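Asker: any chance you can model this:
(chains A and B)
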Amino acid sequence: MIYDIRHVTTYRYEAPVAFARCTLRLSPRDGHGQKVFDSGVDVSPPPSESTIRSDFFGNRVETLSVEKSHRELRIVALSRVEVDRASPPLAALTPAWEQVKLAAAGSQSLAPESPAHYLFRSRLVPVLESITAYTRKSFPAGRPILEAADDLMRRIRTEFKYDPAATAVSTPVGEAFERRGGVCQDFAHIMVSGLRGIGIPAAYVSGYIRTIPPPGKPRLEGADASHAWVSVWCGDEFGWRDLDPTNALHVGNDHIVLAFGRDYADVSPIDGVILGSGGQKLSVSVDVAPVTK
Amino acid sequence: MSGERVKQSRPVNKRALAERRIAEWTSGYAPLSGIPDEYIGADGAPRAHWARFLDSLALQDPDEINRRFGAADRHIHDMGISYRVYGETNERSWPLSHLPLLIADNEWKQIAAGVAQRATLLEHVLSDVYGEGRLIADGALPAAAVAGSQDFLPPMRNIKPPGGRWMHLYAADIGRGPDGRWWVLGDRAQAPSGAGYALESRLVLSRAFPSLYRDMNVERLAPFFRDYRDGLTHSAQRAEPRVCLLTPGPFSETYFEQAYLARYLGFLLVEGDDLVVRDGQVHVRTIAGLKRADVIWRRVDGDYCDPLEMNAASRLGVPGLIEAIRKGAVVMANMPGSGILESKALLGFLPALNRRVFGQELRTPNIATWWCGQKSEREFVLERLDEMAISSAYGENVPGFPGKRILLGSELGTEDRAKLVRSIQERGVDFVGQEVVRLSTTPAWVQGKIVPRPFVLRVFAAATEKGWEVMPGGFCRISDQMDARAVSMGDGVKSADVWVLSDKPVEMASLLPTGDSVKIRRLLGNLPSRAADNLFWLGRYLERVEATLRLVRCLSNRVTDADAGVSPARQSIDRLQRMLVAWGAAPQELVGSTPGELATVALTSAEHYGSASSLAGGSMRAASVIRERLSTDTWQLVSGLEARLTAKVDRVLSEPECFDRADRALRVLAALSGLIQENVNRVAGWRFLDIGRRIERGINTCRFARQFADNAATADNLDVVLDLIDSQITYRSRYLIGVALAPVRDMVMLDTFNPRSVGFQVERIDEHLATLPVLREDGMLETPRRLSVRILSDLSTEEAELLDTNKIFSIEQRLMGMADAIAERYFLQGPHAVRGDKLTDLA
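Answerer: Predicted coordinates for the structure are as follows:
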């Protein structure tokens, strides 16, 4: 499947902003069944300085400075991506989770995808006894890793309420867990925290999901949103497997990966500092359109 | 006759007396059995160097010794040597043990060689872990043992350290174990602290006991610091590099030390906001524009160095710093990410790593450590839990046990034990087990006695062109409890100077360079904008304290005058009270109350921002962030002023008491002014301090003139204003006719011979501005100077008879405008100035 993705972010400021310095992670990554044909970011006002590099995790990062006074900062990211993922392995064939845990602790690599990086608490994801205890229920002794992780994902899907009002970007994981509610970011962080709690490496993935309109209705432009899910390490043979606890789905051809990291702090689409005094208003619109041939 | 009595008395046998004193001091000195002691050797006899030390000390009179100990304590207090316990607002004085830790030369050589060897190994580990990763790929070091550290910073991978090395300063915490050998207890590689305190302790103790210090042949510390400084400057690309010490700011635990070291080594003390990355280079914002920074000695944790590539929540770092490092533009001491070496998880691997990399055993072993991320090690630890001390593999506290740095297996209750075992089984990667070591003891002076106390010694090594140089001495912490299995700097722990005793007399050394390589210079680089800002505000605060005190003194004085009930005097009192209220020194309700009531509040209130005590607090705050730029005398006077004015008062003071209090505080201020005028170099920093004072004085004097020399001023009012500006005597000698409006106004506003007039202040400010660096290249005046020239010419050409309240008000307004213009031109403003808000996005 080929998609055209348009991700528009607009900041409107109450008072003029003299200077902005941002880090953007808005260009999808290649690999894992995904091929990026074209990708570009357009910023207005135009930046005075801009560099593109690949960060440690292999995400494409653009750093830019805007030195012109402005009241609106508009960032438009356009990408064309082909997604063709193999179907997930049979869960029963994956190794017992204890074996995966042992292999992770003994990893002999510090490469970006090494499980060693995803085993510990990270900036936004602490290891908490409450979440670990919740997770243990899906991990009885000897259960194949993917089967156990799938079970955990489904429990989160059914036992947690999707509720954008319950949390904000800055809500701590523990609080979202206690409320049993939140959005994709919260669910992904909770699942990552639980898996790490029992010694299983887990990563945070940001991206998009294609929305399929109700039968007979046209697709609404800009109605999509950024999405986030979890990648679980299933041992050397099966590697990283993506699970979407918000939708209880194994990630297939409806998901497009933007960036991969330890938690949201590693992959946040836009990060930065501005120099200004007043408040700001943010609007985001995302459009994931399948390209019909 | 008194002379005969002396002849009659027995000849004093100094030796016998000394021996008696030593016996008295050491009676009851009992080291714990099985634990080595620094004073008493394994054979039960005193070690030679300690005996020599006590012999010399005992030759002095006991009273004299106590006086010297007292002098040392006072010195610490006066110098403001302090540290801050994390989370506390106030700094504490540094508790220094009265006795040094003595280490004999031959033993020191072994320690130094062990520390240098370890530094070499650790440098190799850093460059491997962040580079090729061969130790990891070969299985010599598990990836998880590294990645678990919060200081493992992925963005640093594959960066070549500018200057060629990851570490420039390294420290090892060592202790003597039960077998008599020295053991490494931990490594400090992030931003080792304590070297400055070592230097300070040395200064204090060597001043208290100069002859003892000389006779014992104590190795000097200065050459080490010279080597460290040279190592840093040589690693830079430019011949005369600008070295900055990046501090987290005055709320950091060791800010005193950072300020002290910056001053001692001649480095620029900067905060994150002082630095800016432009065109791939790091610059310091100075009053003369951006100036390149070549080397950064970092006391900010690695993860906080750059909000763009690391912790986005950091307000302590410099956006873009990592990219500048990547491009090789700035040398970092130490490189961000070096903190991984502080993980206990690594300790267990180092002996094998040294064998593998260098084919040698570690000269100084580290405390035996097992990382529970590996199956066999985990089982080993769990089997022998009773003999183990369990700690976090990477962090401060044992995971799941808040506030516990160490758990002793033998002391765990059933519940905690079960919880710990389960945690280790579930997430072994987070834990290490270590053998329990009781540290050796050293003599400490407690109430006239010498007693054995456990200690930990931090030894520092600096990277130089010749290799690692180890400081002969160190930072020693002495516990106040006999059984110390972990010593940290908190309550009840003292530090001690460390004397490495040479076999032969030690040469005097200081930071003086040898040879004729010294380039004469009279100015030291450019003043950072933030320092200029704080100096300016220090000046303003001090002057505002002074003005408040003058108002209070004047108020208290007038009330005690006999004719206080008469109406013109009462009107002046009302005006003085209203002025203090408008100033923010007292609440509105107190106008019309007894003058003592209002004066008490204006002097002592903590709630009113304009009270003398609040303003003194403000000057203290401004001074504390530029402490490295103030002399000890200045610092003492500023903090003394603050202490005097913030002293608690729980009753209403009488008018004479208020007068006296204000008067005494004014004398401290006079001493401070004298010091600033006579003892500070006429560099830019002094100018900003003086500009601050003069602007504030100019504005305040305009206010006095508007209140007490207004168009309808009474003779009594004019008398008040002459009091406030200290010009009674001059006026009386100049004008025999008594007070009149125009001559008073002339004296207050225009007379440039009077150092308290507005005209005088503007003249000085104009002179200062004329000497400060200029950014414009077109020869035109910059805004602050344009304003000062204009105000000065208006005041110079004004005639006293034509002055009126409106004109005075307009001058006041223009002075305030000039203050703004100075802030805008010289301080942290304009692009990059304030740390901006963070942009946020939705998931």
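
Asker: domains in chain B, by residue range?
Answerer: B:101-344+B:439-501, B:368-435, B:527-680, B:681-832 (automatic domain parsing).

Asker: with distance to chain A and mean pLDDT added, can I get those in a markdown table?
Answerer: In short, each C-beta sits where N, CA and C put it, glycine included. A markdown table is the format used below for the domains of chain B (distance: least, C-beta to the nearest C-beta, whole Å; pLDDT from 0 to 100):
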| stretch | distance to chain A | mean pLDDT |
| --- | --- | --- |
| domain B:101-344+B:439-501 | 4 | 91 |
| domain B:368-435 | 5 | 94 |
| domain B:527-680 | 15 | 88 |
| domain B:681-832 | 5 | 91 |
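
Asker: can you list those in CSV and add mean neighbour count?
Answerer: Formatted as CSV, those follow (neighbours: other C-beta atoms under 10 Å in any protein chain shown):
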stretch, mean neighbour count
domain B:101-344+B:439-501, 21
domain B:368-435, 18
domain B:527-680, 20
domain B:681-832, 18
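
Asker: what's the closest of those domains to residue A:290?
Answerer: domain B:101-344+B:439-501 (33.9 Å; C-beta to C-beta).

Asker: so the longest strand along chain A, near chain B or not?
Answerer: Longest strand of chain A, by residue count under DSSP state E: strand A:2-17. Yes. Counting by C-beta under 8 Å from any C-beta of the partner chain, chain B has neighbours in strand A:2-17: A:9, A:11, A:17.

Asker: what's the neighbour count on the closest residue to the first one other than its chain neighbours?
Answerer: Closest residue to residue A:9 in three dimensions, ignoring its sequence neighbours and counting by C-beta to C-beta, 6 or more residues apart in numbering or on different chains: residue A:75, at 4.6 Å. As a burial measure, the neighbour count of residue A:75 was computed by other C-beta atoms under 10 Å in any protein chain shown and equals 23.

Asker: secondary structure element for residue A:75?
Answerer: Assigned by DSSP states H and E, residue A:75 belongs to strand A:70-83.

Asker: helix or strand right after that strand?
Answerer: helix A:97-105.

Asker: elements contacting that next one?
Answerer: Judged by 3 or more C-beta pairs under 8 Å, 6 or more residues apart in numbering or on different chains; DSSP states H and E, helix A:97-105 is in contact with helix A:145-159, helix A:235-238.

Asker: now those in CSV, with mean pLDDT?
Answerer: Formatted as CSV, the helices and strands packed on helix A:97-105 follow (pLDDT from 0 to 100):
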stretch, mean pLDDT
helix A:145-159, 97
helix A:235-238, 95
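
Asker: I'd guessed residue B:280 sits against residue B:323; true?
Answerer: Yes. Residue B:280 lies in contact with residue B:323 (C-beta atoms under 8 Å); the separation is 7.3 Å.

Asker: ok, the residue nearest in space to the middle of chain A - contacts?
Answerer: Central residue of chain A (C-alpha atoms, centre = their mean): residue A:206, 1.9 Å from the mean position. By C-beta atoms under 8 Å, 6 or more residues apart in numbering or on different chains, the residues touching residue A:206 are A:25, A:226-228, A:257-261, A:264, A:267-269, B:843.

Asker: which of the residues you listed lies closest to residue B:468?
Answerer: Nearest member of these to residue B:468, counting by C-beta to C-beta, is residue A:261, at 36.9 Å.

Asker: and the closest one, what are its phi and psi?
Answerer: phi -170, psi -170 (degrees, to the nearest 10).

Asker: what's near enough to touch the residue nearest to it when sequence neighbours are not counted?
Answerer: Nearest non-adjacent residue to residue A:261, counting by C-beta to C-beta, 6+ apart: residue A:267, 4.3 Å away. Applying C-beta under 8 Å, 6+ apart to residue A:267 gives the contacts A:25, A:57, A:59, A:204, A:205, A:206, A:258, A:259, A:260, A:261.

Asker: so which of the residues you listed are in strands?
Answerer: A:25, A:204, A:205, A:206, A:258, A:259, A:260, A:261.

Asker: now pLDDT too, for those residues, in a markdown table please.
Answerer: A markdown table is the format used below for these (pLDDT from 0 to 100):
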| residue | pLDDT |
| --- | --- |
| A:25 | 93 |
| A:204 | 97 |
| A:205 | 96 |
| A:206 | 94 |
| A:258 | 94 |
| A:259 | 95 |
| A:260 | 95 |
| A:261 | 96 |
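
Asker: any idea which of the residues you listed is closest to chain B?
Answerer: residue A:206 (7.4 Å; C-beta to the nearest C-beta).

Asker: please report how far the closest one lies from residue A:189.
Answerer: 12 Å (C-beta to C-beta, to the nearest Å).

Asker: any idea what the residue nearest to residue A:9 is bridged to?
Answerer: With DSSP bridges as the criterion, residue A:75 is bridged to residue A:9, residue A:43.

Asker: I'd assumed residue A:6 was in contact with it.
Answerer: No. With contact defined as C-beta under 8 Å, residue A:75 and residue A:6 do not form a contacting pair (11.5 Å).

Asker: surely residue A:230 is in contact with residue A:200?
Answerer: No. Counting by C-beta under 8 Å, residue A:230 sits too far from residue A:200 to count as a contact (10.7 Å).

Asker: re earlier: what separates the residue nearest to the centre of chain A from residue B:210, distance-wise?
Answerer: 66 Å.

Asker: output the below-cut-off pLDDT ranges for the stretch 151-293 of chain A.
Answerer: A:219-223, A:276-278, A:293 (pLDDT under 70).
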